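Asker: Show me how the following folds:
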Amino acid sequence: MHDKKLPAARLLVCSSGCGPSPKGLWPVGDQPEFPPGKLPGPHEDRDATVRRLLTGQRGPNCRGKRAMFIDEAEIRVRGGTGGRGMVSFRRERYVPRGGPDGGDGGDGGDVILEVKAGLSTLLDFKYKSNFNAENGTPGSSNNKTGHRGADCVIPLPEGTVVRDAGSGRIIGDLVEAGERLRVAGGGKGGHGNKHFATPTRQAPRFAEKGLPGEERTIRLELKLLADVGVIGFPNVGKSSLIAHLSAARPKIADYPFTTLVPNLGVVAGPDDTSFVMADMPGLVVGAHHGVGLGHQFLRHVERARMLVHMLDAASVDGRDPVEDYHAINRELELHDERLRQLPQIIALNKMDLTEAREAATAIQRALAGEDRELFCISAVTGEGLRELVYGISDALEAARAAPTPFEAAIEPAAEAEPAERPLKVERIGEGRFVASGSEVERLVATTDLDNEDAVLYLHSRLDQLGVLEKLERLGAEDGDTVLIGETELDYVLTRKPE
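Answerer: Down below sits the predicted model:
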């Protein structure tokens with residue numbers, strides 16, 4: 001097994017409470033963060049622990065539960081607030097009337113999503129759902145700009161789709177390791193008092209506040225990156241196939257819905273090739289409406305380049321395999337008709353049973369019109385699996401030559417810079433008015449309303465922008481309330497000189 005970076009282990013810690021050993025085995029500064037109550041067992045060395053956590057295996061103290069698989073999460077992200085501008089004046093020997101030299105505040109940090117290899121679940125966001133970037137630092141004297149706030153980088157597994165929680169719009173599809181997406185920008189730092197010096201205002205005693213960073217709620221959806229998706233009704237042998245062909249060890253039992261999470265395994269193909277195979281649990285009639293495990297896992301099929309459709313040729317549960325075949329394909333189409341475009345191979349399983357061998361010819365005849373390769377296999381004894389793997393490899397080679405129907409569809413919408421909104425003033429009630437617009441709202445947000453000089457400057461700028469004139473036309477009177485952004489101001493008839 002290739003060595004993997006240790007931080008990936010924290011997302012795959014066994015939910016039963018076993019994990020790496022306590023203090024002493026971990027180098028200083030290299031001890032991972034584990035969720036509360038999820039500390040490891042005392043009898044493992046460091047390398048064995050990391051390998052176990054990264055592969056989802058059970059530990060020495062495990063009480064039977066496996067690592068939790070979380071494929072959906074909703075998080076709140078906020079960019080850092082810009083630093084305040086500085087009010088300062090140059091005081092230096094032999095430099096009379098040095099003038100203002102207050103520096104600008106530093107910009108706030110951004111919130112960035114980054115794909116990290118080795119992660120396979122969104123479990124981290126079960127314990128933490130709010131992420132804030134660092135604020136910018138204030139400016140200082142001698143025209144020094146404050147430091148920019150540190151970015152908040154959130155690691156995600158490969159195959160994560162990012163949506164805006166409010167609109168549902170896709171804003172990113174993160175597939176490759178190292179890929180980054182900014183989801184919340186930091187606010188601009190405020191201007192220092194040097195920016196407000198004029199021939200008539202030579203010693204400004206005010207500066208701007210920094211703008212707040214962007215804040216939004218985003219939804220993360222993990223769609224597993226598998227070359228081959230194994231589909232079929234519960235208990236047809238999907239997990240047994242994964243277990244026989246790869247090193248994965250999914251739970252296997254003779255009752256429906258044994259598999260509650262997708263299982264991935266790497267399968268060795270011909271000529272030193274390999275591919276990733278995943279079984280998709282919970283597909284039953286009505287899955288597109290949420291029946292069974294419903295569309296909770298249907299979306300994972302969208303990442304696959306091809307499908308292996310497994311059928312129980314022995315009809316152990318009393319179902320007709322031909323009807324099962326059409327029923328599952330109907331569910332895929334009802335979930336998303338593009339799933340019907342994915343290449344499919346049919347695998348008649350349980351050939352180790354007499355009933356399956358007797359029914360195989362009739363099933364092949366009934367499905368002959370589907371124009372799809374069909375293999376008779378036994379996931380228990382291994383019969384026919386070599387031919388199946390070779391057939392999958394050949395189909396994958398052809399499928400990889402062209403993009404899947406979903407690769408062209410999952411195109412993140414380009415987030416355009418918000419357009420500048422023009423000034424608009426309107427009456428909203430008796431003695432109440434609202435003034436909106438990008439420039440006027442930005443002006444009020446950066447004004448220090450506790451500073452009298454800053455308030456006088458704000459009044460003069462509102463006059464220049466035409467806000468006061470529009471209020472007068474609407475019949476505003478002294479003492480009326482004017483709402484600008486999230487700030488309420490009192491209207492004053494007497495205009496202040498600049």
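Asker: mind listing the helices in the stretch 1-150 of the chain by residue range?
Answerer: Along the stretch 1-150 of the chain, the stretches classed as helices by DSSP state H, counting those that start in this stretch are 46-55.
Asker: those strands in it, which residues are they?
Answerer: Read by DSSP state E, counting those that start in this stretch, the stretch 1-150 of the chain holds these strands, from start to end of the chain: 72-78, 111-115, 130-132.
Asker: you'd agree residue 265 is in a helix?
Answerer: No. The assignment for residue 265, made by DSSP: H, G, I helix; E, B strand; the rest coil, is strand rather than a helix.
Asker: Hmm, it is touching residue 245, no?
Answerer: Yes. Look at residue 265 against residue 245 with Cβ atoms under 8 Å: they come within range, at 6.5 Å. The way it works is simple: take the backbone N, C-alpha and C, and place the C-beta from them, glycine included.
Asker: shared neighbours of the two, anything?
Answerer: Counting by Cβ atoms under 8 Å, 6 or more residues apart in numbering, the contacts common to residue 265 and residue 245 are residue 277.
Asker: what's in contact with stretch 432-441?
Answerer: When contacts are taken as Cβ under 8 Å, 6+ apart, the neighbours of stretch 432-441 outside the stretch itself are 418, 420-428, 462, 465, 467, 470-471, 474, 476, 480-485, 491.
Asker: how long is it end to end?
Answerer: One end of stretch 432-441 to the other measures 17 Å (Cα to Cα, to the nearest Å).
Asker: Could you list the buried residues of that stretch?
Answerer: Of the residues in stretch 432-441, those buried by neighbour count under the rule 16 or more other Cβ atoms under 10 Å are 433, 434, 435, 437, 440, 441.
Asker: Of those residues, which belong to strands?
Answerer: Among the buried residues of stretch 432-441, the members falling in strands are 433, 434, 435 (criterion: DSSP state E).
Asker: Closest one of these to residue 368?
Answerer: The shortest gap between residue 368 and any of these belongs to residue 434, at 70.4 Å (Cβ to Cβ).
Asker: For the closest residue to the closest one other than its chain neighbours, list each beta-bridge partner.
Answerer: The spatially closest residue to residue 434, leaving aside those adjacent along the chain, is residue 483, at 4.6 Å (Cβ to Cβ, 6 or more residues apart in numbering). The bridge-partner assignment for residue 483, based on DSSP bridges, gives residue 434, residue 488.
Asker: got a list of what residue 483 touches?
Answerer: With contacts defined as Cβ under 8 Å, 6+ apart, the neighbours of residue 483 are 428, 432, 433, 434, 435, 489.
Asker: Reformat the buried residues of stretch 432-441 as CSV; add pLDDT.
Answerer: Listed next are the buried residues of stretch 432-441 as CSV, based on pLDDT from 0 to 100:
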residue, pLDDT
433, 95
434, 95
435, 94
437, 93
440, 94
441, 94
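Asker: what kind of secondary structure is the closest residue in space to residue 227 that isn't next to it in sequence in?
Answerer: Ranked by Cβ to Cβ, 6+ apart and with sequence neighbours excluded, the top spatial neighbour of residue 227 is residue 275, at 4.1 Å. Look at residue 275: counting by three-state DSSP, its state is strand.
Asker: how much space is there between residue 275 and residue 190?
Answerer: Taking Cβ to Cβ, to the nearest Å as the measure, residue 275 and residue 190 are separated by 55 Å.
Asker: Please pick out the residue of this structure most distant from its centre.
Answerer: Among the C-alpha atoms of the chain, the one farthest from their average position, using Cα atoms, centre = their mean, is that of residue 94, at 58.3 Å.
Asker: quick one, phi psi at that one?
Answerer: Dihedral pair for residue 94: phi 70, psi 10, per degrees, to the nearest 10.
Asker: Check what contacts stretch 391-406 and list those residues.
Answerer: Outside of stretch 391-406, the residues within contact range by Cβ under 8 Å, 6+ apart are 227-228, 267, 269-270, 273, 275, 302-306, 308, 338, 341-343, 345, 373, 375.
Asker: Show the low-confidence segments of the protein, by residue range.
Answerer: For the chain, residues meeting the criterion pLDDT under 70 lie at 1-70, 225, 248-262, 282-300, 403-418, 493-498.
Asker: tell me the centre residue of it?
Answerer: Closest to where the C-alpha atoms of the chain average out (Cα atoms, centre = their mean) is residue 220, at 3.5 Å.
Asker: Distance check, residue 247 against residue 274.
Answerer: Distance, residue 247 to residue 274, by Cβ to Cβ: 12 Å.
Asker: Now do the shared contacts for the two.
Answerer: With Cβ under 8 Å, 6+ apart as the test, residue 247 and residue 274 both reach residue 266.
Asker: returning to what we had before: which of residue 275 and residue 190 has more neighbours?
Answerer: Shown here are residue 275 and residue 190; by other Cβ atoms under 10 Å, residue 190 has more neighbours (29 against 22).
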